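give me a model of this one.
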Amino acid sequence: MKQFLFIIMLCVTGMVYAQPNEKPFTVPEITSWEGVSGSTLLSGRIIVKSASLKPVAEALARDYTLLTGKPMTTASGKARTGDIVLTSKKLDTMPIEGYRIKIGDIISVEAPAQKGAFWATRTLLQMVESATAPLTLSRGEIVDIPQYRMRGFMLDVGRKYIPISYLRELVKVMAYYKMNTLQLHLNDNGFPKYYEGDWSKTQAAFRLECDTYPGLTARDGSYTKTEYIELQKLAEAYHVEIIPEIDAPAHSLAFTHYRPSLGSKEYGMDHFDLSNPEVYSFMDGLFKEYLSGKNPVFRGPRVNIGTDEYSNAKKEVVEQFRTFTDHYLALVESYGKQPMLWGALTHAKGETPVRHEGVLMNCWYNGFAQPDSMKQLGYQLVSIPDGQVYIVPAAGYYHDYLNCQQLYENWTPAIMGNKQFEEQDPQIEGGMFAVWNDHPGNGITVKDIHHRVIPAMQTIAVKCWTGKLTALSYADFDARRQLLSEAPGVNELGRLPKEELTLTQVTPNAPLDFQLSSFFPHPITDAGFDYRVSFDIDCAAEETGTVFTESPYATFYLSDPKTGHLGFSRDGYLNTFRYTLPSTGRVSMAIEGTNKETRLFVNGRHVETLGTRDVYSVVPNDKIDYKLDTPFMPTVYTSTARMKYVQTLFFPLQRAGKFKSTVTNLKVTKI
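The predicted structure is shown next:
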């Protein structure tokens, strides 16, 4: 009774103390939080105390508006309640990526460098997204310091062309989760077993514009030097480093297609013949084009020279490989860059010295490079263990999607295969995950890749920044991460609002203008997995190739260009249903899409499912994938060397095509 009366007295006198705020949810999880009670409503103003942080303020203002629809501006003078104040300030031994945020009447951001201040703004934006009350921040103090310097993603653009437009969006996504390194694998090739065992038919590509060797650049998709430079500049603004990789002396079929005399007759044309001195003059010329001059094409501090998976069948060949490796490490250094390579020196153990000082090694498979031995030799290590962090879409080996729970609960960059090191070992630079597009022609699109990347990106971000300091369970993390944006203004996942998108009538040859009842922060150009699109159509005779809807990513046809059937194309692949619209009468249609299949319903009846099927494709090298003059359909053969062909679709919702039929009651919903 006395205790009850005491509580009543505290309430009457205003002496009840509120509980301190819980740690805000962010990806990656912040490393230190001291909560107090209460919250602060943002004023929409930023006060910049240090001139070097003006770009950070501008980025914060832009992204805040993209996320909330509300304005945010920079201001001068004395800070007022709800203002964000940015200050550059040395903080004891805090590294350049660290920062401190104090959230009281004002929101004070302090960081020793621009990079740390930028990461602080990503935290604030995510806190706004996760807040229970709009535009508010929970009061407390954050001290956030990354556990590892490198937090990265390796993307194979050699076997599958990835448009520069996507790479620009990817940079923004990475920055939102404090991932600071994007390694682009610029050349590679498919496997000859899918091309009748013929190296000359096997897909191979080098993706950069090249003046030194005219005709070397891939014809099915490539990057000009200008747009590659602009990509790097964008990444620099977002504090993401682009590491270019030119892979040799294996994975070199693009180079031996161009100059067959460079190829090995003994080990296969994807191997250079390392006894041929022309190999060195060829590769020297290639690196010179991108590394020389006052304003080189490769702007960043690091360049990867490849060197994975070359034959070690003979001692003589091993020594040649080691000579090649050391030569290109030295060459990259001579241009003022830090050299990086894939670990292979256990596999290629020999006597020829290979430099190690200042060299960064991707440790991917311990049979090729034992990480403890490489550490003892003096290499800086990047943890990218294949069995844990390799995605190979639809291949049936490695991971189709990463096992994020296992990684979240058990992995940090200190673990490389069966080797475990001390956390924050100074010789471990950090960690990466990878997407390898091993099967060119398998129907996998950029959207399919991105759907696999996002959960992996968010998980690896936590394990590289927060490491073992995580407090959330995986179940909690997994549920809450999905509520965050990919990045401000980015919707590569094709997220849809909770409310159904509807159009009473679809106007041909015009944008699809969906009217929303409230602000939705994600641009809508496509419906991502899992969706249902339905509509009624009063049919008219349509010409072959008639488009229903389209976006930069995909086209849905009322009459496809090849057969006149209902179908869709994306990334150059054409997929058709065994259904043709009638020339008269009304039909009710629905299309459902998941990350496994695309389903067609007509008048409420399931007509067909386009799922994964076995194919064996042989096509010219410049017709393997992506935005051809006419969409590509794989040739199907009876063969033991089959690959999985995927027929998924993000449904295009940006613009209607020029059709004669009347389309009404268009509805788009999540399923």
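
CA atoms only: put stretch 264-271 into CSV for me.
What follows is stretch 264-271, C-alpha atoms only, in CSV (Å, rounded to 0.1, in the frame of the first residue of the first chain):
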residue,chain,number,x,y,z
SER,A,264,47.5,-21.5,-74.3
LYS,A,265,47.0,-24.5,-76.5
GLU,A,266,47.8,-26.8,-73.5
TYR,A,267,45.5,-25.3,-70.8
GLY,A,268,42.8,-23.7,-72.8
MET,A,269,42.2,-20.4,-74.6
ASP,A,270,41.0,-18.8,-71.4
HIS,A,271,44.7,-19.1,-70.2
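
check which residues of it are buried.
The neighbour-count check on stretch 264-271 (16 or more other CB atoms under 10 Å) flags 264, 267, 268, 269, 270, 271 as buried. Every residue, glycine included, has its C-beta placed from N, CA and C.

kindly report the same for stretch 273-292.
For stretch 273-292, the buried set under the neighbour-count rule, 16+ other CB under 10 Å, comprises 273, 274, 279, 280, 282, 283, 286, 287, 289, 290, 291.

what's the closest non-adjacent residue to the last one?
What it means is residue 291. Spatial nearest neighbour of residue 291, chain neighbours left out: residue 335 (4.0 Å); criterion: CB to CB, 6 or more residues apart in numbering.

and the fourth one, by the same measure?
Distance criterion CB to CB, 6+ apart; nearest residue to residue 280, sequence neighbours excluded, is residue 327 at 6.8 Å.

pretty sure that neighbour sits against residue 277.
No. Residue 327 is beyond contact range of residue 277, at 11.5 Å (criterion: CB atoms under 8 Å).

for residue 475, give me phi and psi.
Backbone dihedrals for residue 475, given as degrees, to the nearest 10, come out at phi -60, psi -40.

low-scoring stretches of the chain, by residue?
Counting by pLDDT under 70, the ranges of the chain that qualify are 1-17, 616-640.

what about the helices in it?
Listed in chain order, the helices of the chain (DSSP state H) span 2-13, 54-68, 114-130, 164-176, 225-237, 253-258, 278-291, 315-334, 371-377, 386-389, 404-410, 446-465, 474-481.

can you put these in JSON lines and add distance to residue 361?
Below are these laid out as JSON lines (distance: least, CB to CB, whole Å):
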{"stretch": "helix 2-13", "distance to residue 361": "62"}
{"stretch": "helix 54-68", "distance to residue 361": "33"}
{"stretch": "helix 114-130", "distance to residue 361": "24"}
{"stretch": "helix 164-176", "distance to residue 361": "22"}
{"stretch": "helix 225-237", "distance to residue 361": "23"}
{"stretch": "helix 253-258", "distance to residue 361": "23"}
{"stretch": "helix 278-291", "distance to residue 361": "19"}
{"stretch": "helix 315-334", "distance to residue 361": "10"}
{"stretch": "helix 371-377", "distance to residue 361": "6"}
{"stretch": "helix 386-389", "distance to residue 361": "14"}
{"stretch": "helix 404-410", "distance to residue 361": "21"}
{"stretch": "helix 446-465", "distance to residue 361": "17"}
{"stretch": "helix 474-481", "distance to residue 361": "30"}
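
quick one, which of those helices gets closest to residue 652.
Closest of those to residue 652 is helix 446-465, at 10.7 Å (criterion: CB to CB).

what angle do helix 474-481 and that closest one make with each other?
On the basis of axes from the mean of the first three to the mean of the last three CA atoms, to 10 degrees, helix 446-465 is oriented at 130 degrees to helix 474-481.

show me what helix 446-465 is packed against.
With contacts taken as 3 or more CB pairs under 8 Å, 6 or more residues apart in numbering; DSSP states H and E, helix 446-465 sits against strand 150-156, helix 164-176, strand 390-391, helix 404-410, strand 428-435, helix 474-481.

restricting to C-alpha, output it in CSV.
Extracted in CSV, the C-alpha atoms of helix 446-465 (Å, rounded to 0.1, in the frame of the first residue of the first chain):
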residue,chain,number,x,y,z
VAL,A,446,19.9,-7.0,-63.3
LYS,A,447,16.7,-7.0,-61.3
ASP,A,448,17.1,-10.7,-60.4
ILE,A,449,20.7,-9.9,-59.3
HIS,A,450,19.6,-6.9,-57.3
HIS,A,451,17.0,-9.0,-55.5
ARG,A,452,19.8,-11.2,-54.3
VAL,A,453,22.1,-8.3,-53.5
ILE,A,454,20.0,-6.4,-51.1
PRO,A,455,19.7,-8.9,-48.2
ALA,A,456,23.3,-9.8,-48.6
MET,A,457,24.4,-6.1,-48.7
GLN,A,458,22.5,-5.3,-45.5
THR,A,459,23.9,-8.4,-43.7
ILE,A,460,27.5,-7.9,-44.8
ALA,A,461,27.3,-4.2,-43.9
VAL,A,462,26.5,-5.2,-40.3
LYS,A,463,29.2,-7.8,-40.1
CYS,A,464,31.9,-5.5,-41.5
TRP,A,465,30.9,-2.3,-39.6
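
separation between residue 109 and residue 598?
With the distance defined as CB to CB, to the nearest Å, residue 109 ends up 46 Å from residue 598.

okay, the two: which has more neighbours?
Higher neighbour count among residue 109 and residue 598: residue 109, with 29 against 21, using other CB atoms under 10 Å.

for the more buried one, name its beta-bridge partners.
Assessed by DSSP bridges, residue 109 has beta-bridge partners residue 86, residue 101.

hmm, it is touching residue 122, no?
No. The pair residue 109 / residue 122 is not scored as a contact, 11.3 Å apart, by CB under 8 Å.

dihedrals phi and psi, residue 396?
According to degrees, to the nearest 10, residue 396 has phi 90, psi 0.

burial count for the residue nearest to residue 280?
By the measure other CB under 10 Å, the count of residues near residue 327 is 16.
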